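> pasting a predicted model and its sequence here:
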Amino acid sequence: MNTLVNKLITTGVTVGGGLIGTKIVDFGWRKVTGHDAPKDLDDTENNMWEAIAFATIAAGIAALIRVVSQRGAHEAIERMQARSARKQLAGRAEV
């Protein structure tokens, strides 16, 4: 398979995972703290320690999602390449 296609698949999966991860972190933060996640740095209602805690949690989850999604994408690409190679070998054997 083309390396450009591989890169596009990996990028798409990573971006999708990041979007899903953001939703999960926001939802979890709201459930645990009872209010929305601190997003606006200029908002004086946001406690500095709360913002630091949120940033730390969000960064950790984002890194975890990135690693897992990239590994999953690479495994899927390898399976597709192996399947394609088997089909090509089967096609040559029939000739």
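Nice, I can see it. Residues are numbered from 1 along each chain as shown.

> so where's the protein uncertain?
Within the chain, the set of residues satisfying pLDDT under 70 comprises 1, 41-45, 93-95.

> how distant is the helix or strand harbouring A55 from the center of its chain?
Of the helices and strands defined by DSSP states H and E, A55 is found in helix 48-94. Relative to its parent chain, helix 48-94 has a centroid offset of 8 Å by Cα atoms, centre = their mean, to the nearest Å.

> how about stretch 15-22?
Averaging C-alpha positions (Cα atoms, centre = their mean) puts stretch 15-22 5 Å from its chain's average.

> mind listing what's buried in that stretch?
Within stretch 15-22, the residues scored as buried using 16 or more other Cβ atoms under 10 Å are 17, 21. Yep, even glycine has a C-beta here, placed from its N, CA and C like the rest.

> just the CA trace of stretch 39-59, in CSV.
Taking C-alpha atoms only, stretch 39-59 is exported to CSV below (Å, rounded to 0.1, in the frame of the first residue of the first chain):
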residue,chain,number,x,y,z
LYS,A,39,-11.1,26.4,28.7
ASP,A,40,-10.8,30.2,28.8
LEU,A,41,-7.5,31.3,30.4
ASP,A,42,-8.8,34.8,30.9
ASP,A,43,-11.8,33.7,32.9
THR,A,44,-11.3,34.7,36.5
GLU,A,45,-13.7,32.1,37.7
ASN,A,46,-11.2,29.4,36.9
ASN,A,47,-9.0,28.4,39.8
MET,A,48,-5.3,28.1,38.8
TRP,A,49,-4.9,24.7,40.4
GLU,A,50,-8.1,23.5,38.8
ALA,A,51,-6.8,24.6,35.4
ILE,A,52,-3.4,22.9,36.0
ALA,A,53,-5.2,19.7,37.1
PHE,A,54,-7.4,19.7,34.0
ALA,A,55,-4.4,20.4,31.7
THR,A,56,-2.4,17.6,33.2
ILE,A,57,-5.3,15.1,32.9
ALA,A,58,-6.2,16.2,29.4
ALA,A,59,-2.5,15.9,28.3
